[in-house]
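S.K.: what follows is a predicted protein model with its sequence.
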Amino acid sequence: MEAALDRIQFKYSLTDRQRKLLQFSFIGIIYDSTKFLMLFIFFACIEQVPAYIFNSLLLILLRSNQGGLHLKHYTSCFMLSFFYLFSAIAIFPDIFTDITQSVGLIILFICMLINYSAGPQKNKKIYSYLKDPSAVKKSKLNSFIICVFYMLTYFIFSDIPLFQQGFWIIVLHTIQIVFVILRTKRKEKKNG
């Protein structure tokens, strides 16, 4: 991989920082692809492929606009992703069966407000475009639109298990965003 990156850096006259970002992107794509494949195989074994694909797409939409929790190691990242998706697809819908549509909509509305007010929780050193206030506003608006659209579909289709599972994806994502904010504030307070 190093040789390929060296050739790309030379051919396109990339700076060292651009090369590191490219390497970070390649590794991210490889890690996410293998994680997606392993989770796909697991959910195929428990006959939940449509739920897995639907909820993964919802999660990708949320995380690409909002960011979220990032872990340092592939294994811990995989375990968090597994817990996240398995909980939303197989555990929480079975435990919390008595959530009414109106309570679900209220919870989704609260999640929407939290996600909008939190803004994108991405590393501004890597995602330098977030230093621009208009980019932050666009990210917030995209997350807001995703949540509003999901609230409308949840209102119409809340009795379909797929949409009950997506409800938990949004709730878990919001909890994750709050956790990232608290962790960031704790680090800032610690660093003075």
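M.R.: In hand now; what should we look at?

S.K.: hmm, residue 154 is touching residue 168, no?
M.R.: No. The criterion here is Cβ atoms under 8 Å, and residue 154 misses it with residue 168 at 11.2 Å. Quick note: C-beta positions are derived from backbone N, CA and C, even for glycine.

S.K.: quick test: name the residue nearest the centre of the chain.
M.R.: residue 63 (3.0 Å; Cα atoms, centre = their mean).

S.K.: roughly how far apart are that one and residue 39?
M.R.: From residue 63 across to residue 39, the span is 15 Å (Cβ to Cβ, to the nearest Å).

S.K.: got it, and residue 88?
M.R.: Going from residue 88 to residue 39 by Cβ to Cβ gives 12 Å.

S.K.: higher neighbour count, the two?
M.R.: Neighbour count, other Cβ atoms under 10 Å: between residue 88 and residue 39, residue 88 has more, with 25 against 18.

S.K.: quick check: chain neighbours aside, which residue is closest to the more buried one?
M.R.: Closest residue to residue 88 apart from its sequence neighbours, by Cβ to Cβ, 6 or more residues apart in numbering: residue 168 at 3.8 Å.

S.K.: and residue 80, by the same measure?
M.R.: residue 71 (6.1 Å).

S.K.: re earlier: tell me if I'm right that the residue nearest to the centre of the chain and residue 173 touch.
M.R.: Yes. Assessed by Cβ under 8 Å, residue 63 is found in contact with residue 173 at 7.3 Å.

S.K.: what packs against the helix or strand hosting residue 173?
M.R.: Element membership for residue 173, per DSSP states H and E: helix 161-191. The contact analysis (3 or more Cβ pairs under 8 Å, 6 or more residues apart in numbering; DSSP states H and E) places helix 161-191 against helix 49-66, helix 74-86, helix 92-95, helix 101-118, helix 133-157.
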